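Novice: what follows is a predicted structure for the sequence shown.
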Amino acid sequence: MSTPPGGPGAGKVNGALGKAFAHIDLDGHNLPPSPAPSSPSNGRKYALATALVYTESKDQYGASSMPIYQSATFKQTSAGGGSEYDYTRSGNPTRTHLERHLAKIMNAARALVVGSGMGALDVITRILRPGDEVITGDDLYGGTNRLLTYMAANQGIIVHHVDTTEPQRVKEVVSPKTAMVLLETPTNPLIKIVDIPTISKMVHEMNEKALVVVDNTMLSPMLSNPLDLGADIVYESGTKYLSGHHDIMAGVIAFNDPAIGDRMYFTINSTGCGLAPNDAFLLMRGIKTLAIRMERQQSNAQAIAEFLESHGFRVRYPGLKSHPQYDLHWSMARGAGAVLSFETGDVALSERIVEAARLWGISVSFGCVNSLISMPCQMSHASIDAKTRKERQMPEDIIRLCVGIEDVDDLIDDLSRALVEAGAVTVTMDGFYAKTPAQASIKEPGAAASAS
Ligand SMILES: Cc1ncc(COP(=O)(O)O)c(C=O)c1O
Ligand SMILES: N[C@@H](CCSC[C@H](N)C(=O)O)C(=O)O
């Protein structure tokens, strides 16, 4: 198996540690005492992979894993209260433990956790008032698009969808009414890259009250920290990489401004959407293995992207040098992630490939230990109507691969077999190639095209 790195640190999430935030100050965490002379006590901070594992422990018995406080209520010391917690909707020790850990690894003053990624966006957008304007992208996760469309129809919020890969398009719609700029990068599913530092600086200069919000679900804190790039609020679906096993739903919000935090905590307490203690425990457990999972998922994704590209498919993945925004992505991120998409040129052909796969499960979602295959237009993004998908140039035949931690040769073998069985490739003595330009969007008509 050969898996050449696709960019600085690809498949080596700890290899790109020169960048800000890759090392973390773990003061107050239960790290082993008396570090050796070459250890971070010399002024170097701990690597993120280390920070993920060590969590603040306040357990009275020194439990190495924070217990699940499966209790709705907490007894008070007096009639007027007096205890740190009273009711789990308002706060719970297991949830607080997770929030503090997340704030640390996301380089934020504070983090909050709720019941899903969409729940996180709902909490954030409740900051808005009727008449406020939101600027966002034209390639967005379907659920995000659905919530914004609902707000525009029912809550008096004006939503501008523009091509956020061009900061100029954002600039054209910023006004004194702009309250929020909501960015996703890489976008799901077209894997377009959005320049967070340039847009954040520009928006803040034009309207100092506008909040730049970034959905970091596609990268996780392992690969990017949008707060360090100029964003005011970062959120992500903890259902994905953070938990990593598709056994819980969760949403994470991180920020530095305490006033904004108080407003969002008010919503969480008022509406009761805080993450349940058992799910907080599972999310914490998942976070500890994020580095090693991401390392394997990325190196698998890189190999699969290169495999598909070398056989004539048009592949969208920021680990490939052919990605038109490769340099921009690597200026902001420490890895390419493990989601890629490719086109076949034919919806029925794509359906046959998806249905022929055996190891790859047909499922929405990503960031999990097992690999998934899907057709976004019919699945994760089906809530965006066909007309809008067409206007936003979302190819109906696009196949999304969400790569897990399995053996990469098993994944490539299964994908190869599915491509052959579906009739997507021409098999020759030398190997196989995407069939024709009509059926596969061949990037450079070269050996692959002539061989077909
Ligand atoms: C980019 C992105 N943001 C947000 C979400 C919402 O997360 P959740 O499913 O946890 O609500 C998803 C997927 O669902 C997503 O893909
Ligand atoms: N039926 C769900 C679809 C969830 S998509 C999950 C994930 N974000 C992905 O991109 O795969 C819905 O309507 O929200």
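Specialist: Structure's in. What do you need? Ligands and ions are numbered 1, 2, ... in the order given.
Novice: in this protein, which helix or strand is least confident?
Specialist: For the chain, counting by mean pLDDT, DSSP states H and E, helix 447-451 ranks last in confidence among helices and strands (a mean of 34).
Novice: what does the stretch 51-200 of the chain put close to ligand 1?
Specialist: Ser116, Gly117, Met118, Tyr141, Gly143, Thr144, Glu184, Asn188 (CB under 6 Å from any ligand atom). All C-beta spots, glycine's among them, are computed from the backbone N, C-alpha and C.
Novice: ok, and the closest non-adjacent residue to the residue of the stretch 251-400 of the chain found nearest ligand 1?
Specialist: The minimum distance from the stretch 251-400 of the chain to ligand 1, using CB to the nearest ligand atom, falls at Gly251 (5.7 Å). Nearest non-adjacent residue to Gly251, counting by CB to CB, 6 or more residues apart in numbering: Ala120, 3.1 Å away.
Novice: now the host helix or strand of Thr96 - C-alpha only, PDB.
Specialist: Element membership for Thr96, per DSSP states H and E: helix 93-105. Provided in PDB are the C-alpha atoms of helix 93-105 (Å, rounded to 0.1, in the frame of the first residue of the first chain):
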ATOM      1  CA  PRO A  93     -21.100  18.000  36.100                       C
ATOM      2  CA  THR A  94     -20.500  15.500  33.300                       C
ATOM      3  CA  ARG A  95     -21.600  18.200  30.700                       C
ATOM      4  CA  THR A  96     -19.500  20.900  32.400                       C
ATOM      5  CA  HIS A  97     -16.500  18.600  32.400                       C
ATOM      6  CA  LEU A  98     -16.900  18.100  28.600                       C
ATOM      7  CA  GLU A  99     -17.400  21.800  27.900                       C
ATOM      8  CA  ARG A 100     -14.200  22.700  29.800                       C
ATOM      9  CA  HIS A 101     -12.300  20.100  27.800                       C
ATOM     10  CA  LEU A 102     -13.700  21.300  24.500                       C
ATOM     11  CA  ALA A 103     -12.900  25.000  25.300                       C
ATOM     12  CA  LYS A 104      -9.300  23.900  26.000                       C
ATOM     13  CA  ILE A 105      -8.900  21.900  22.700                       C
END
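Novice: so how far is that helix off the chain centroid?
Specialist: Centre-to-centre, helix 93-105 and its host chain are 19 Å apart (CA atoms, centre = their mean, to the nearest Å).
Novice: by how many degrees do whatever helix or strand comes next after it and helix 93-105 diverge?
Specialist: Toward the C-terminus, helix 93-105 is succeeded by strand 110-114 as the next helix or strand (DSSP H and E). Put simply, strand 110-114 runs at 130 degrees to helix 93-105, going by axes from the mean of the first three to the mean of the last three CA atoms, to 10 degrees.
Novice: and strand 110-114, how far from the chain's centre?
Specialist: Centre-to-centre, strand 110-114 and its host chain are 16 Å apart (CA atoms, centre = their mean).
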